[in-house]
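Visitor: Any chance you can model this:
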Amino acid sequence: MINLFLGVVLLLAAILNIFGVVEITKPYVFGFSLSVLFMSLVSYSEDPINEVQNKQSFSTVLKNIFLFCSILSFVLVPLTYNTKLVQEIINSIDDVTFLLLGIAISFLTLFSSKRTSYQLKKLIEMEKQNASNEKIKEILNRIENIKKE
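Guide: This next block holds a predicted model:
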């Protein structure tokens, strides 16, 4: 859900920038791009099978680290623009690179969603199999009970 909210807010910011209501400067573009990169990594590190089974896995820890880095870069990069290090990093990257980075992030997110979709299908199949196995056991138990009577 956070991806949806961030997407809507950034789309709104882009529209406001087109009409000159707001000015989105390089530090904001860099911070937003870095944030979206980490958010894509959050999506990529999701493991629905372990999450449904309430297993604490390395991917869960990684997901939380990427989420933290995403929020951190979204908020702090624009605010720390006055530091020499951040200015050097941002000024060393030209606008075309930012554009390519944004496109690459979009494709990574698409790949991530396909991967997650595949995992969810796999999870559904596992649940169907478990339900079938439970039903078979139940029927076999009933048969055994009938034989005993």
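Visitor: So for residue 127, what pLDDT did the model give?
Guide: For residue 127, the pLDDT comes out at 84.
Visitor: which element is residue 108 on?
Guide: Following DSSP states H and E, one finds residue 108 within helix 95-148.
Visitor: Contacts for stretch 73-87, please.
Guide: Contact with stretch 73-87 is made by 6, 25, 27, 28, 30, 31, 32, 34, 35, 38, 90, as judged by Cβ atoms under 8 Å, 6 or more residues apart in numbering. The way it works is simple: take the backbone N, C-alpha and C, and place the C-beta from them, glycine included.
Visitor: Filter the residues you listed down to the buried ones, ChimeraX style.
Guide: The following ChimeraX line selects those of the contacts of stretch 73-87 that are buried, judged by 16 or more other Cβ atoms under 10 Å:
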select :6,27,28,30,31,32,34,35,38,90
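Visitor: Mind checking which of the contacts of stretch 73-87 land in helices?
Guide: 6, 27, 28, 30, 31, 32, 34, 35, 38, 90 (DSSP state H).
Visitor: just the contacts of stretch 73-87: which has the poorest pLDDT?
Guide: residue 6 (76).
Visitor: List the residues that contact it.
Guide: So residue 6 contacts 35, 36, 39, 74 (Cβ under 8 Å, 6+ apart).
Visitor: now the ones in helices among the contacts of stretch 73-87 in JSON lines, with distance to residue 12?
Guide: Converted to JSON lines, those look like this (distance: Cβ to Cβ, whole Å):
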{"residue": "6", "distance to residue 12": "11"}
{"residue": "27", "distance to residue 12": "19"}
{"residue": "28", "distance to residue 12": "14"}
{"residue": "30", "distance to residue 12": "19"}
{"residue": "31", "distance to residue 12": "16"}
{"residue": "32", "distance to residue 12": "12"}
{"residue": "34", "distance to residue 12": "20"}
{"residue": "35", "distance to residue 12": "16"}
{"residue": "38", "distance to residue 12": "21"}
{"residue": "90", "distance to residue 12": "23"}
